[in-house]
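Visitor: Sequence below, structure please.
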Amino acid sequence: MSTRRKIDMYDPLSDNFKRCEFPFYWVAQLDALYTQEMDRLLKRVDMDIPRWRIIMILKEHSELSISEIAGHAVAKLPTTTKILYRMRDEGLVLLKTSPEDGRVTLVSLTGKGLERLEEIRGSVSQLFRRSFKGLTSAQIERANTLLAKMYNNLTQGAD
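Guide: Next up is the predicted model:
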């Protein structure tokens, strides 16, 4: 089979298209299953995926604006804002006005937020280990590289 015909089987418009060979089929399947498993695990510890994502983002970045968090979390700004105000009321995050720009609200984790993170990490780690069972670090790195390349291709817009 020629290289062109082989690539055609990944194109949904091709007569050679095979759903199970389409990378986005597997991305969607994986995302749905991962979300289902994360929901199940997080529910046990009184947490949800949006708050978990925000806690993990803030753990990595220390302090970010609400719009930066929304970007990292791949969430809409109004939704992220509502979640963050709820998290503030729960004592998980601290919100303060940026000294450089009064229109910007900066967010950071509180001690309680860090404690919640540590409570949750064990069960999430089990899901990570199960997900990547049998894969080497090099294979995980390669998967990340390929997914990032696809992401960058899509962010550059249509032809």
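
Visitor: Enumerate every residue touching residue 58.
Guide: 64, 69, 93, 107, 108, 109, 113 (C-beta atoms under 8 Å, 6 or more residues apart in numbering). Heads up, the C-betas are built off the backbone N, CA and C, glycines and all.

Visitor: So what touches whatever helix or strand residue 80 lives in?
Guide: Assigned by DSSP states H and E, residue 80 falls within helix 77-89. The list of residues contacting helix 77-89 from outside it, by C-beta under 8 Å, 6+ apart, reads 50-51, 54, 66-67, 69-70, 73, 75, 93-95, 107, 113.

Visitor: Next: stretch 40-51.
Guide: 35, 38-39, 52, 73, 75, 79-80, 83, 86-87, 92, 116, 119-120, 123-124, 126-127.

Visitor: give me that answer again for 7 Å
Guide: Applying C-beta atoms under 7 Å, 6 or more residues apart in numbering, the contact partners of stretch 40-51 are 35, 38, 39, 52, 75, 83, 87, 119, 120, 123, 124, 127.

Visitor: sorry, back to before: closest one to residue 138 out of the contacts of helix 77-89, please.
Guide: Lowest distance from residue 138 to these (C-beta to C-beta) belongs to residue 73, with 28.4 Å.

Visitor: Kindly provide the distance from the closest one to residue 141.
Guide: 23 Å (C-beta to C-beta, to the nearest Å).

Visitor: Same check on residue 117?
Guide: From residue 117 to residue 141 the distance is 25 Å (C-beta to C-beta).

Visitor: If you count surrounding residues, which of the two has more?
Guide: Set residue 117 next to residue 141 and count neighbours by other C-beta atoms under 10 Å: residue 117 wins out with 18 against 11.

Visitor: which strands and helices sit next to the helix or strand containing residue 130?
Guide: Using DSSP H and E, residue 130 maps to helix 111-131. If you count contacts as 3 or more C-beta pairs under 7 Å, 6 or more residues apart in numbering; DSSP states H and E, helix 111-131 packs onto helix 23-44, helix 49-61.

Visitor: Distance to residue 13 and mean pLDDT for the ones you listed - can I get that in TSV?
Guide: Listed next are these as TSV, based on distance: least, C-beta to C-beta, whole Å; pLDDT from 0 to 100:
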stretch	distance to residue 13	mean pLDDT
helix 23-44	14	94
helix 49-61	34	95
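
Visitor: quick one: which of those helices is nearest residue 152?
Guide: Using C-beta to C-beta, the helices and strands packed on helix 111-131 put helix 23-44 closest to residue 152, at 14.9 Å.
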